[in-house]
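Test case, fold it:
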Amino acid sequence: MPVYTYRCENCGVQFERQQSFTDAPLKTCPECRKKALKKIITPTKIIFKGSGFYATDHKSRSGESSPSKKSSTDSKPETKPSPEKSEG
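Alright, predicted model coming up:
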């Protein structure tokens, strides 16, 4: 069930109430008992669960290489010079 935010235009009290979609909106303020309540529109919270929400979760189309893989012609492996051992 969604949570709705209400604000009284008379006394300014603001509160949240969990209601069903089919419930009628509240009209009477619980503080001042006047019929001055208005429903406040607030952004909803979205929680992404599961795979498919990140770029790394998507499969590449056939024939395309993924951006994280480079072909062997694009880069050469780096070699570090090995320190020479002094014999003696």
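
Can you name the residues that contact residue 5?
14-16, 39-40, 42 (Cβ atoms under 8 Å, 6 or more residues apart in numbering). Quick note: C-beta positions are derived from backbone N, CA and C, even for glycine.

So in terms of bridging, what pairs with residue 18?
With DSSP bridges applied, residue 18 shows beta-bridge pairing to residue 3.

all strands for this protein, in order.
Using DSSP state E, the strands found in the chain span residues 3-8, 14-18, 37-40.

a markdown table for the ones you listed, including mean pLDDT?
Listed next are the strands of the chain as a markdown table, based on pLDDT from 0 to 100:
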| stretch | mean pLDDT |
| --- | --- |
| strand 3-8 | 93 |
| strand 14-18 | 94 |
| strand 37-40 | 94 |
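
Columns distance to residue 27 on top of those, output as TSV?
Shown next, in TSV, are those (distance: least, Cβ to Cβ, whole Å):
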stretch	distance to residue 27
strand 3-8	9
strand 14-18	12
strand 37-40	5
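
closest to residue 25 out of those strands?
Residue 25 sits nearest to strand 37-40 of all these, at 5.4 Å, using Cβ to Cβ.
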